[in-house]
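>>> only the shape, not the letters, is given here:
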Ligand code: UDP
């Protein structure tokens with residue numbers, strides 16, 4: 001709260017606002033990285049609820065953000081993206097216990113922020129039960145490409161009935177929500193990124209990092225930074241690598257969910273092809289993304305399905321590296337093609353190879369794109385801007401908040 005006083009807006013309440021943030025996951029995905037940054041300034045008065053421990057709760061602990069783990073909510077993890085009614089019935093008792101526990105917490109808070117679909121269910125019940133205003137932060141594209149009909153219907157109806165405000169991370173996410181019958185009101189709060197670690201990383205000795213990662217010093221390194229999952233499309237970059245004979249690939253990320261482990265194995269098998277041998281480097285999950293990006297020649301985003309926002313794309317630009325990304329979902333909102341980066345059709349390895357080669361062939365042009373991209377991200381996706389947008393969201397749902405310019 002104190003650090004918010006320095007922002008462009010002044011948050012005026014009779015007492016500091018107490019926010020209950022709810023996120024189902026203990027893993028550290030893009031939505032949880034967003035929440036860490038969002039919740040940090042409210043740490044004095046607010047609480048984060050998660051349903052399991054993991055890298056996310058480790059970070060909450062390290063950054064002194066108060067949190068509670070509601071173990072009853074872990075059963076919700078068993079509901080899969082295209083889950084059936086039967087699966088839904090199976091977790092109902094655990095859902096009821098979790099909703100009650102969230103309601104109990106909500107009684108000592110002023111606003112609830114649900115940061116995921118699985119968090120929305122108990123948070124919505126708690127909001128109605130206690131009369132606490134609910135903001136649902138949507139990090140998913142509610143489209144048939146990503147979710148089954150039942151899940152889309154359920155969350156959209158719950159949001160319509162219970163959320164005082166729906167906050168989306170991109171225009172693409174907003175469109176998917178309203179196309180599916182979502183009514184809102186809606187506010188856009190894209191990810192805000194801290195530029196400082198990326199600036200610091202650019203001063204580092206990236207050759208030393210290349211040595212540590214067993215990467216060559218004199219060959220182009222194409223970095224891909226995402227959890228390993230079929231729709232994140234790392235296999236497309238390995239296909240493209242056949243057409244980029246001098247390049248190496250750095251794959252950063254791990255299979256975050258058990259169902260993605262066979263895909264991770266498939267990538268390792270693909271990397272053993274004689275034409276690729278020794279040119280594919282797996283780094284596993286890493287926390288030093290700015291440093292690793294600074295050690296790469298290009299940053300490549302390969303998702304084969306539309307990305308709701310695409311945090312890695314904005315990070316790649318902030319690292320002042322040329323970025324090639326797939327043209328779907330929220331990504332074209334971040335990249336201005338031919339000005340701040342290049343866009344290719346999802347799943348098209350030939351187009352990906354051609355785009356990478358064009359940047360490798362013309363380093364001056366690549367540097368110009370990277371420079372423009374970094375300036376764009378600093379202007380449009382700064383942390384301060386995200387916090388100001390969140391303050392606006394709070395003002396809309398809570399009567400005691402007034403914002404003075
Ligand atoms: N990331 C990370 N370590 C890794 C791989 C990825 O910290 O080993 C981060 C990455 O830098 C980005 C986030 O995970 O900030 C992924 O967010 P994105 O929106 O790209 O995808 P999501 O995982 O949310 O689908």
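On my side now, so go ahead. Because the structure is a prediction, the values reported are computed rather than measured.

>>> what pLDDT does the residue of the chain found nearest the ligand get?
Of the residues in the chain, the one nearest the ligand is residue 30, at a distance of 2.4 Å by C-beta to the nearest ligand atom. In short, each C-beta sits where N, CA and C put it, glycine included. pLDDT recorded at residue 30 is 94.

>>> ok, it - contacts?
Contact analysis of residue 30 by C-beta atoms under 8 Å, 6 or more residues apart in numbering lists 139, 191, 309, 311-312.

>>> overlap between those and the residues near the ligand?
309, 311-312 (C-beta under 6 Å from any ligand atom).

>>> now which of those would you call buried?
The neighbour count (16 or more other C-beta atoms under 10 Å) marks 309, 311-312 as buried among these.

>>> rewinding a little: including secondary structure, could the contacts of residue 30 go into CSV?
Output for these, formatted as CSV (DSSP: H, G, I helix; E, B strand; the rest coil):
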residue, secondary structure
139, coil
191, coil
309, coil
311, helix
312, helix
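
>>> tell me which two of the residues you listed sit farthest apart.
The largest separation in the contacts of residue 30, counting by C-beta to C-beta, is between 139 and 312 at 13.9 Å.

>>> before we move on, the earlier item: phi and psi next, for the residue of the chain closest to the ligand.
Taking degrees, to the nearest 10, you get phi -60, psi -40 for the backbone angles of residue 30.

>>> same question, the one 3 residues further on
Dihedral angles phi and psi of residue 33 (degrees, to the nearest 10) take the values phi -60, psi -40.

>>> and what of residue 302?
For residue 302, the backbone dihedrals (degrees, to the nearest 10) come out as phi -120, psi 10.

>>> next: residue 358.
Dihedral angles (degrees, to the nearest 10) for residue 358: phi -60, psi -40.

>>> what's the pLDDT at it?
98.

>>> now do residue 405
So, for residue 405, pLDDT stands at 33.

>>> ok, residue 36 to residue 152 distance?
From residue 36 over to residue 152 the distance is 27 Å, taken as C-beta to C-beta, to the nearest Å.

>>> please apply the same query to residue 293.
Taking C-beta to C-beta, one finds residue 293 at 34 Å from residue 152.

>>> same question, residue 265
Distance, residue 265 to residue 152, using C-beta to C-beta: 31 Å.

>>> higher neighbour count, those two?
Using other C-beta atoms under 10 Å, the more surrounded residue of residue 265 and residue 152 is residue 152, with 21 against 12.

>>> hang on, the more buried one packs against residue 142?
Yes - in this structure residue 152 lies within contact range of residue 142 using C-beta atoms under 8 Å: 5.0 Å.

>>> pull up the overlap in contacts between these two.
Common contact partners of residue 152 and residue 142 (C-beta under 8 Å, 6+ apart): residue 180.

>>> next helix or strand past the helix or strand hosting residue 249?
Secondary structure from DSSP states H and E places residue 249 in strand 248-252. Downstream of strand 248-252, the next assigned helix or strand under DSSP H and E is helix 261-271.

>>> residue numbers of the stretch 201-350 of the chain in contact with the ligand?
Within the stretch 201-350 of the chain, the positions near the ligand by C-beta under 6 Å from any ligand atom are 225-227, 252-253, 285-286, 289, 309-312, 315.

>>> I'd like the buried ones among the ones next to the ligand among the contacts of residue 30 as a markdown table, with pLDDT appended.
As requested, those are exported to a markdown table (pLDDT from 0 to 100):
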| residue | pLDDT |
| --- | --- |
| 309 | 97 |
| 311 | 97 |
| 312 | 98 |
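
>>> identify, from these, the entry nearest to residue 40.
Nearest to residue 40 among those is residue 311, at 16.6 Å by C-beta to C-beta.

>>> so which strand or helix has residue 315?
Judged by DSSP H and E, residue 315 forms part of helix 311-318.

>>> got it, and residue 26?
Using DSSP H and E, no helix or strand contains residue 26.

>>> one step back: give the other helices and strands that the strand holding residue 249 contacts.
strand 221-225, helix 234-241, strand 280-284, helix 289-294 (3 or more C-beta pairs under 8 Å, 6 or more residues apart in numbering; DSSP states H and E).

>>> tell me the helices and strands packed up against the second one.
So that's helix 234-241. Packing partners of helix 234-241 (3+ C-beta pairs under 8 Å, 6+ apart): strand 221-225, strand 248-252, helix 261-271, helix 349-361.

>>> where does the chain have low pLDDT?
1-15, 78-89, 401-405 (pLDDT under 70).

>>> list the neighbouring strands of the strand holding residue 249 plus their orientation.
Here strand 248-252 has these sheet partners by DSSP bridges: strand 221-225 (parallel), strand 280-284 (parallel).

>>> which of these is buried the deepest?
Among the strands paired with strand 248-252, strand 221-225 has the highest mean neighbour count (mean count of other C-beta atoms under 10 Å), at a mean of 24.

>>> could you check the angle helix 234-241 makes with that strand?
On the basis of axes from the mean of the first three to the mean of the last three C-alpha atoms, to 10 degrees, strand 221-225 is oriented at 170 degrees to helix 234-241.
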